[in-house]
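**Q** quick one, what's the 3D model for this:
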Amino acid sequence: MNVRQLDISRRTIALAAALIGTVSLVIGAHAALNMRAIDAAKAVSTDQITGSIAQTSRLALVIGNGHYPDASAPLTQSINDARALSSSLRKNGFDVDMVEDATKDDMIRAVNRLKSRIKRDTVVMLFFGGYGVQAGRESYMLPVDAVIWKESDVRRQGVSIDGVIDMMKEQGAKAKLVVVDASRRNPYERRFRSYSHGLAPINASDNALILSSASPGKVVDDGKGEHSVLVSEFLNNLSAKGSAESVFNKTRVAISRASEGDQVPTVSSSLLEDVHFGEAGG
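**A** Residues are numbered from 1 along each chain as shown. Presented below is the predicted three-dimensional model:
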C-alpha cells in the first residue's frame, strides 16, 4: 500500500467515525426529547389526577327554596343566601351542587347525586334555606311543591335532615358540615293539632358539625336585608377563614349578641379532626 492509499484510508476512517458520532448524538438527543415528553406527560397526568382529587374531596349541596304556593310571600332571602353561599364555598375549594326552588323530586335527585360522589376522604356540606318542619322529633326540609295538611304529610313530602346526614355517614364521608336556615314560622303551622314550633334537635353524630338558625322549638322572623341573619354572619366569618368549628361558633355568638338573646343559633359538634375553610385539602 502506497502513502496516498494510506492517507485516503485514514480520511475514510475519520469520516466514518465522525458520522457515527453525529448519529449517536442525534439518537441521544432524540431519546432525551422522548424522555422529556414522557416526563411531561406524566406530570400532566399527575396534575389532572391531583386536581380531580382536590375537586372531589370537598362537596356541597346547597338548596334555597323561596317560592312556596301556600306562603303569603316568597322567601327571597333563601334564594339570595343559596347563591352567595355557593359562590363562597367554591372559593373555599368545594364542588357545589346548587338547587333553587326544589320540588321533592329535585331534592331527592340532588341528594342522590351527592351520595354517588362521596368518597372516604370527602368533606361534605349541606345547606338548606327555606321552610322546615319537625314531625316525630325529626326535622324535615320542605320542597316547594309540598302539600301539607297533617303531620304524616310532613314525613311523606319532606326530606329528613337526619336522613341525609345518615346517608353521608353510610357513604363514609370524612366530615359532615350542615347549616340549616329553616326555623321560620311556616304556612302549615295551624293545619294539624300536633304541630310543634321550630325544628327538632338535629343529631351531630360521628364526625359532624351542625349549625341551625335557632334553638330547638324556636322560630325566627326574616329581616329586611338581602340575606338572612344567619347566612349574613356565616358569610362574614367564612371570608375570614379558619376552622369550621370556629366559623360556626363565631356565627352563633355574633347573632346571639346582635339580637340580645332573642335569636340563639344552635351549634352541635362531634368533629374528630379539624376542617379548615380557605384550604382545599383540609
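**Q** following the lowest-mean-pLDDT helix or strand in the chain, which helix or strand shows up next?
**A** Taking mean pLDDT, DSSP states H and E as the measure, the helix or strand of the chain with the lowest value is helix 3-56, at a mean of 44. The element immediately downstream of helix 3-56 (helix or strand, assigned by DSSP states H and E) is strand 58-64.
**Q** and the contacts of that following strand?
**A** Counting by CB atoms under 8 Å, 6 or more residues apart in numbering, strand 58-64 makes contact with 78-83, 85-86, 89, 92-102, 107, 110-111, 113-114, 117-118, 122-130, 141, 280, all of which sit outside it. (C-beta placed from N, C-alpha, C; glycine too.)
**Q** any of these buried? List them.
**A** Neighbour counting with 16 or more other CB atoms under 10 Å marks 78-82, 85-86, 89, 92-94, 96-102, 107, 110-111, 114, 118, 122-130, 141 as buried within the contacts of strand 58-64.
**Q** so which of those are in strands?
**A** Residues from the buried ones among the contacts of strand 58-64 lying in strands, with DSSP state E as the criterion: 96-100, 123-129, 141.
**Q** could you single out the nearest of these to Ala258?
**A** For Ala258, the nearest member of those is Gly129. The distance, counting by CB to CB, is 19.1 Å.
**Q** residues contacting the closest residue to Ser259 other than its chain neighbours?
**A** With sequence-adjacent residues excluded and distances taken as CB to CB, 6 or more residues apart in numbering, Ser259 is closest to Val229, at 7.5 Å. For Val229, the residues meeting the contact criterion (CB under 8 Å, 6+ apart) are 213, 220, 223, 255, 258-259, 263.
**Q** again, only this time at 7 Å
**A** Neighbour list for Val229: 223, 255, 263 [criterion: CB atoms under 7 Å, 6 or more residues apart in numbering].
**Q** Ile118 now?
**A** By CB under 7 Å, 6+ apart, the residues touching Ile118 are 59, 124, 168, 171, 173.
**Q** the nearest residue to the second one once chain neighbours are set aside - how many residues pack around it?
**A** Among residues not flanking Val124 along the chain, Ala173 sits closest, at 4.5 Å (CB to CB, 6+ apart). Here the neighbour count serves as a burial measure; for Ala173 (other CB atoms under 10 Å) it reads 24.
**Q** check Ala173 and give its pLDDT.
**A** Note for Ala173: predicted pLDDT of 94.
**Q** now do the strands in the stretch 151-282 of the chain.
**A** Using DSSP state E, counting those that start in this stretch, the strands of the stretch 151-282 of the chain run over 159-160, 175-181, 208-212, 242-243, 266-269, 276-277.
**Q** for Pro69, find the nearest of the ones you listed.
**A** Evaluated with CB to CB, those place strand 159-160 nearest to Pro69, the distance being 17.8 Å.
**Q** what's the end-to-end length of stretch 153-169?
**A** Taking CA to CA, to the nearest Å, the first and last residues of stretch 153-169 lie 26 Å apart.
**Q** avg pLDDT for stretch 180-199?
**A** Summarised as a single mean, pLDDT over stretch 180-199 is 80.
**Q** in it, what counts as buried?
**A** Within stretch 180-199, the residues that qualify as buried by neighbour count (16+ other CB under 10 Å) are 180-184, 186, 188, 192, 195, 198-199.
**Q** quick one: mean pLDDT over stretch 225-240.
**A** Summarised as a single mean, pLDDT over stretch 225-240 is 93.
**Q** report the buried residues of it.
**A** When burial is assessed from 16+ other CB under 10 Å, stretch 225-240 yields the following buried residues: 227-235, 237-238.
**Q** just the ones in helices from these, please.
**A** Among these, DSSP state H puts 229-235, 237-238 in helices.
**Q** nearest residue to the middle of the chain?
**A** In the chain, the residue lying closest to the centroid (CA atoms, centre = their mean) is Ala60, at 2.0 Å.
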